[in-house]
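Structure of the sequence below:
(2 chains)
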Number of protein chains: 2
Amino acid sequence: MNIKEYMQDLGQAARAASRVLVTATTEQKNNALLAMAAQLEADAEFLKTENAKDLDAGKANGLDAAMLDRLAITDQGVAQMAEGLRQIAGLVDPIGEITDLRYRPSGIQVGKMRVPLGVVGIIYESRPNVTIDAAALCLKSGNAAILRGGSEAAYSNRALASCIQAGLEQAGLPKASVQVVETTDREAVGELIAMPKYVDVIIPRGGKGLIARISEHARVPVIKHLDGICHVYIDDDADKDKAIKVALNAKTHRYGVCNAMETLLVAESRAAEVLPELAKLYQEKGVELRGCEKTCALIEAKRATEEDWQTEYLAPVLSIRVVSDMQMAIEHIAQYSSAHTESIITENYTKARQFMAQVDSSSVMVNASTRFADGFEYGLGAEIGISTDKFHARGPVGLEGLTSQKYIVLGDGHIRQ
Amino acid sequence: MNIKEYMQDLGQAARAASRVLVTATTEQKNNALLAMAAQLEADAEFLKTENAKDLDAGKANGLDAAMLDRLAITDQGVAQMAEGLRQIAGLVDPIGEITDLRYRPSGIQVGKMRVPLGVVGIIYESRPNVTIDAAALCLKSGNAAILRGGSEAAYSNRALASCIQAGLEQAGLPKASVQVVETTDREAVGELIAMPKYVDVIIPRGGKGLIARISEHARVPVIKHLDGICHVYIDDDADKDKAIKVALNAKTHRYGVCNAMETLLVAESRAAEVLPELAKLYQEKGVELRGCEKTCALIEAKRATEEDWQTEYLAPVLSIRVVSDMQMAIEHIAQYSSAHTESIITENYTKARQFMAQVDSSSVMVNASTRFADGFEYGLGAEIGISTDKFHARGPVGLEGLTSQKYIVLGDGHIRQ
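As a prediction, the model looks like this:
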């Protein structure tokens, strides 16, 4: 197989399909999503059989328990994927929305129309459910999708693709609306990210290494986040109960997620009052604490190194730094944050406003847990990723992040004077 | 001079200034703009003296009359630059705007806050007025700017920079808010476009060659358009008077601009009625016509080649193609358009809707001249360029295109359940 030719063919077919999807009706797109859901349920046994081949190969190749767990398709998993498809069918269609249509002094009427981006390339690792999620979000937003899953899920993804194809066919939409890359050759990824003629944007989902590699070599825009080094700052004027509640939740609600807090910043004036109590709660949960010198003087903690401030633990580990005031907290965040999510705990109106204005992250919070940084919690109805870039989509990316706005001008024979 | 170090220093200073600009008040930014305007007027003689050095060097280097004309700073030019600054001071400050702030079922309140992109690099050719325009738009949108003008305008740009600096100083804003690259070494451009740590976006303004080169090598997002191959399609159901008026205006209102029509598409059913009349009007204006076979059978025109459909003439030349119907027009546009601006002339409601939905250009018009594709005509109040990309800003880019939106979350000690 010539990988370059194969990928170019996929690209060309995707581009052609995207031209059809632009004019697909909301009903057609929803019908396809609902048909896919029904097909998944009808094919549950087939999906599990194919998935078992991946699981067997994974075990033989020594995948660890966590990876096998992510790879597995269970009955519950099938039900969740089908439910996800039905939820996306239920979302408002973003395409064609016209906003800000206003008359100009010249007499023309100018507005913006929401349109698909075109062709979206998704590159992900072992979770097969991403195949369904990504296909559904791209389809609903009128984009053609080229999906490249992990090689360890090859059988599962091919089986899921057959359900997707069946759904597209039933709704009368082109099969190339969603294509799953059939080769596990790594060269295919290199091609996918370097076809600006056929692919408009790449969304990588997976580990930091994968995303960094793709960003470096992509010849098209990439919607991505590399790290989630999130901070909570307990201000001088924090309410103690809220501070403890939020700091505990932000770290311990789930460990392996990008919106978990990794570093806690505490105003010096409150450290002696807040830290011992918090340390006790963290220790009960088995969280390892690493602190600056002042922290270690107040609670039992390992001494944090420079590297700790730069680390996304994704684990029950927390670094803690005592800061002189909010400005020092903001400077720490500017230096070490990955621009994902930061939260201030304060009752002070002016400081809340300053923190929101000055912290340059995709989500900035007041008196709320960083764990809320999520497309569903924000009401996007879905999430294809979280962007820590400032360009195009920023923060949790839902359907709207997969669209663009073009200008429309309505006239009646108007000419420029 | 070590160019790399010099540019890194500029970048670092710009980044530091951008952190201050984020919190600059609207009043401070406007005061700076107004002070710059006053300084330009006070320094008119100095500006003209410095500009004369560039003009002399330009003549010695054999610049043509059109280039010298673009390079010249006249009294009228000074007045226009000052007026432009005052207009931008009068625009609404986009920064800090909070939209869509809504309560979620969890109790948190989620919204979006408009924020600056950070540091903007502008690369342009000989027009010195771009120095003032770009500085003003970046400042008003809270961005630090690094400006790299053409080497042929080096004295002029340095003189304009001194006025900008004076304005910033009077308003108490960091001098590094706007920096003009002092070296004319080409290596400086290479550095500017490859410092993602210090520069968030590059906006090139100038010829296609410059923009293509920058896009290819940039390591940060680029807001750009390469070509303006704009089309007007005269539909079967066009009103003849509107068709002729718009087709004439779109081509002949100004020739050397990106929103001028370069190719006219005419429905076969109307060609015999419309083309002879139009040809007469074009010939009166001295427009050279190049047509497809069917066109040449109806009017006197040179035979158009494949290359003509791909050419942005920027001159009194027009290519004309007779198409069987709207779908053929849309296909021609999909193949040859640069995705800048296309217009349909029709009285047919359904076809107008279809054309708007299917044509994938930054501006799509009905019964209006392509010449309207412009930030001022659209009511943006200013324009820093026109983007033919789909990512981030699309179409005319004003202040909003220089901003991003981050999420803000307001809670009262809310935690994720």
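
and chain A, what are its domains?
For chain A, the structural domains run A:3-223+A:397-409, A:230-372, going by automatic domain parsing.

got a markdown table for these, with mean pLDDT too?
What follows is the domains of chain A, written out as a markdown table (pLDDT from 0 to 100):
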| stretch | mean pLDDT |
| --- | --- |
| domain A:3-223+A:397-409 | 95 |
| domain A:230-372 | 97 |
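
possible to save those as TSV with distance to residue B:117 and mean neighbour count?
C-beta here means a position set from N, CA and C on the backbone, and glycine is covered the same way. Output for the domains of chain A, formatted as TSV (distance: least, CB to CB, whole Å; neighbours: other CB atoms under 10 Å in any protein chain shown):
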stretch	distance to residue B:117	mean neighbour count
domain A:3-223+A:397-409	15	20
domain A:230-372	10	20
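
Can you check which of these gets nearest to chain B?
Judged by CB to the nearest CB, the one of those that comes nearest to chain B is domain A:230-372, at 3.0 Å.

Run the chain-centre distance for the closest one.
23 Å (CA atoms, centre = their mean, to the nearest Å).

same thing with stretch A:113-126?
12 Å.

likewise stretch A:195-212?
Using CA atoms, centre = their mean, the offset of stretch A:195-212 from its chain centre is 13 Å.

can it be found next to chain B?
Yes. On the criterion CB under 8 Å from any CB of the partner chain, stretch A:195-212 is in touch with chain B at A:200-201.

and what of stretch A:300-314?
No. Using CB under 8 Å from any CB, stretch A:300-314 stays clear of chain B, with a minimum separation of 14.9 Å.

can you give me the end-to-end distance of that stretch?
Taking CA to CA, to the nearest Å, the first and last residues of stretch A:300-314 lie 21 Å apart.

do the same with stretch A:336-356
Note: stretch A:336-356 ends 17 Å apart using CA to CA.

Can you classify residue A:127 by secondary structure?
Look at residue A:127: counting by DSSP: H, G, I helix; E, B strand; the rest coil, its state is coil.

Counting by contacts, list what the lengthiest strand in chain A packs against.
Across chain A, the longest stretch assigned as strand under DSSP state E is strand A:403-414. Where contact means 3 or more CB pairs under 8 Å, 6 or more residues apart in numbering or on different chains; DSSP states H and E, strand A:403-414 is packed against strand A:98-103, strand A:109-116, helix B:240-252, strand B:363-368, strand B:395-397.

Out of those, the one nearest residue B:220 is which?
Among the helices and strands packed on strand A:403-414, the nearest to residue B:220 by CB to CB is strand B:395-397 (16.0 Å).

residues in contact with that closest one?
For strand B:395-397, contacts defined as CB atoms under 8 Å, 6 or more residues apart in numbering or on different chains pick out A:406-407, B:203, B:223, B:362-363, B:373-375, B:378, B:380, B:383-387.

try it again with 10 Å
A:110, A:112, A:404-409, B:137, B:203, B:223-225, B:259, B:339-341, B:361-364, B:372-380, B:382-388, B:401 (CB atoms under 10 Å, 6 or more residues apart in numbering or on different chains).

now stretch A:273-287
Stretch A:273-287 is contacted from outside by A:234, A:238, A:240, A:243-245, A:247-248, A:251-252, A:255, A:264, A:266-267, A:271, A:288-289, A:291, A:294-295, A:297-301, A:313, A:315-318, A:320, A:322, A:345, using CB under 10 Å, 6+ apart.

Between the domains of chain A, which one is closest to residue B:100.
domain A:3-223+A:397-409 (10.8 Å).

so how far is the first residue of that closest one from its last?
Start-to-end, domain A:3-223+A:397-409 (CA to CA) is 43 Å.

same deal with stretch A:296-305?
Termini of stretch A:296-305 sit 12 Å apart (CA to CA).

Show me the contact partners of it.
A:263, A:266, A:271-280, A:282-283, A:288-293, A:295, A:308, A:311, A:317-322.

In strands, which of the residues you listed fall?
Per DSSP E, those map to strands at A:263, A:266, A:288-291, A:317-322.

remind me, longest helix of chain A?
Determined from DSSP state H, the single longest helix within chain A is helix A:3-21.

what's downstream of that helix, the next helix or strand?
helix A:26-42 (DSSP states H and E).

which stretches of the stretch 51-200 of chain A form strands?
For the stretch 51-200 of chain A, the strands defined by DSSP state E, counting those that start in this stretch occupy A:98-103, A:109-116, A:119-124, A:144-148, A:178-180.

What parts of the stretch 101-250 of chain A come near chain B?
Within the stretch 101-250 of chain A, the residues that sit near chain B (CB under 10 Å from any CB of the partner chain) are A:102-113, A:115-118, A:200-201, A:216, A:219-221, A:223, A:238-239, A:241-250.

Could you give the separation of stretch A:362-377 from the chain centroid?
The answer for stretch A:362-377 is 13 Å, by CA atoms, centre = their mean.

what about that stretch, near chain B?
Yes. Counting by CB under 10 Å from any CB, chain B has neighbours in stretch A:362-377: A:362-374, A:376-377.

what distance separates the start and the end of that stretch?
15 Å.

Kindly report the same for stretch A:131-151.
Span of stretch A:131-151 from end to end, CA to CA: 13 Å.

Also stretch A:286-300?
13 Å.

same check, this time on stretch A:297-317
19 Å.

And for stretch A:346-363?
17 Å.

go on, stretch A:300-308?
17 Å.
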